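Engineer: would you be able to build a 3D model of this:
(2 chains)
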Amino acid sequence: MTLSAEYIETIEQYLLSWELKYREFYDEILDHYCTDIEGKMSSGLSFDEAFEQTDQKFSKYYYGQQNGFSWAREVQHHYGPKAFEAEYVDGFRKTFRQKLRIYFFDAFRTYQVGFFGVLAMLFYYCFVNHIFTSKGLYLMIIYLPILVLYAAIFGEWVKNGHRFEFKLLFFTQKEEKLDQKRNKLFSNVKLSILQQYFMLPLVLLPVYVRPILNVIPLTNIEYSNEIKTIILTLYFIYSWVVIRLITENTSTWNLIKFNK
Amino acid sequence: MYRKIRYMFVQKFIKAMNQHIKGSLNAIVLKLLKDNGRMYGYEITQKVKELTADEIQITEGALYPLLHKLEAEEVLTTKAEKVDGRIRKYYEITPKGNAAAEIRISELAIFAESLNRILNPKTVAI
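Structural biologist: So this is what the prediction gives:
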């Protein structure tokens, strides 16, 4: 037997009350609840009894999510379906961090260090010799690849997730409350985590730019030319690693496609 | 001092045992996915129940974290499909995961064989 729309709605309302965040996980757990309840109802149980039995399997689960560094660790306690989701997200985070670390140290083992070093020196001496005459041009050169990647991510997001569309910005749609809640879920775990990490170079950029070239005279500290080039090299390597990770992960975004 | 060392040893033993139990579950899930192609979470629990005549029951609390971990490690890939108006997530072994699956399954088989030899020494004639 298949569940009626009303029953599915009650299950959805229950699951959303756990404050789930990610659509991918939500769909999976909803499907599990539905199939389990259907099986139990076809063997003679009522909906309420079947629901209680399936819910007992999930509601007892606990997961402690550890946030922060080892010297300032904070544990967030999660129960029930939310605990499953937290563990799911943590797994992706862990592998992403591992990859970031491996790729970063990989860059030092090969010829790439030399390549980025030469690039950094070129950039530095070009600026010293007033080849890049304006601040804006220099900033554009640094920001351009990042902006291009953002555009790529944005395109993917619109294509696959359908969670953020321009239409929704300009046209308000009349929806039921449950629908609104459901639409707030993030479509893809991988993408949203990537976004978080991708913010890092943007956030750190002013910190690097300021001491390197004294473009914005906010500090009196003067670094030697060698240190400036080393910092610039590190920045190039870091951004290259992030770009590599992003481009690798684009293929995995395509795995989840909804048949409409 | 002695107590502390004993405590540490016991903790280590418990950790190893837990890892072993988890490892066997790992092998079971990978074996099922290898034989049946692609499966979804609920299907795996039911299949294990069927095959072992209700003797082994994989709880949801053990299965889903494992599936998610294997997905993050790129041993499994997922595909979402619409079934009965809702989205179902199917798991599949990747080429990279295939090698890992073979190793884990053979490890479990060797372990089960040696355990059987210890428990029933007469039945196995060497």
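Engineer: mind checking how far residue A:97 is from chain B?
Structural biologist: Remark: distance between residue A:97 and chain B (CB to the nearest CB, to the nearest Å) = 11 Å. For every residue, glycine as well, the C-beta is placed using N, CA and C.
Engineer: then residue A:27?
Structural biologist: 4 Å.
Engineer: what do you get for residue A:9?
Structural biologist: When residue A:9 is compared with chain B (using CB to the nearest CB), they lie 12 Å apart.
Engineer: so when I look at that residue, I'm seeing a helix, right?
Structural biologist: Yes: under DSSP: H, G, I helix; E, B strand; the rest coil, residue A:9 falls within a helix.
Engineer: excluding its backbone neighbours, what's nearest it?
Structural biologist: Among residues not flanking residue A:9 along the chain, residue A:178 sits closest, at 6.4 Å (CB to CB, 6 or more residues apart in numbering or on different chains).
Engineer: so the one you found makes contact with residue A:14?
Structural biologist: No: counting by CB atoms under 8 Å, residue A:178 does not reach residue A:14; the two are 11.2 Å apart.
Engineer: helices or strands next to the helix or strand hosting the residue nearest to residue A:9 in the packing?
Structural biologist: Applying DSSP states H and E as the criterion places residue A:178 in helix A:177-183. With contacts defined as 3 or more CB pairs under 8 Å, 6 or more residues apart in numbering or on different chains; DSSP states H and E, helix A:177-183 has these neighbours: helix A:5-16.
Engineer: alpha carbons only: can I get stretch B:75-87 in PDB?
Structural biologist: Presented in PDB, the C-alpha positions along stretch B:75-87 are these (Å, rounded to 0.1, in the frame of the first residue of the first chain):
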ATOM      1  CA  VAL B  75      33.700   4.400  -1.800                       C
ATOM      2  CA  LEU B  76      30.000   4.800  -2.600                       C
ATOM      3  CA  THR B  77      28.200   7.200  -4.900                       C
ATOM      4  CA  THR B  78      24.600   8.200  -4.700                       C
ATOM      5  CA  LYS B  79      21.800   8.800  -7.200                       C
ATOM      6  CA  ALA B  80      18.500  10.300  -6.400                       C
ATOM      7  CA  GLU B  81      15.400   9.100  -8.200                       C
ATOM      8  CA  LYS B  82      11.700   9.900  -7.900                       C
ATOM      9  CA  VAL B  83       9.700   6.800  -6.700                       C
ATOM     10  CA  ASP B  84       6.000   7.100  -5.700                       C
ATOM     11  CA  GLY B  85       6.200  10.800  -5.600                       C
ATOM     12  CA  ARG B  86       9.100  11.000  -3.200                       C
ATOM     13  CA  ILE B  87      12.900  11.100  -3.800                       C
END
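Engineer: list the contacts for residue B:61?
Structural biologist: Residues counted as contacts of residue B:61 (CB atoms under 8 Å, 6 or more residues apart in numbering or on different chains) are A:57, A:58, A:60, A:61.
Engineer: local confidence estimate at it?
Structural biologist: Residue B:61 carries a pLDDT value of 85.
Engineer: how about residue A:69?
Structural biologist: Per-residue pLDDT puts residue A:69 at 70.
Engineer: next one: the residue nearest to residue A:9 from chain B, what distance?
Structural biologist: Going from residue A:178 to chain B by CB to the nearest CB gives 14 Å.
Engineer: just the strands in chain A please.
Structural biologist: For chain A, applying DSSP state E gives strands covering A:62-67, A:74-79.
Engineer: out of those strands, nearest to chain B?
Structural biologist: strand A:62-67 (8.1 Å; CB to the nearest CB).
Engineer: buried set for the closest one?
Structural biologist: By 16 or more other CB atoms under 10 Å in any protein chain shown, the buried positions in strand A:62-67 come out as A:63, A:65.
Engineer: stretch B:80-97 too?
Structural biologist: Buried residues in stretch B:80-97 (16+ other CB under 10 Å): B:80, B:86, B:87, B:88, B:89, B:90, B:91, B:93, B:94, B:97.
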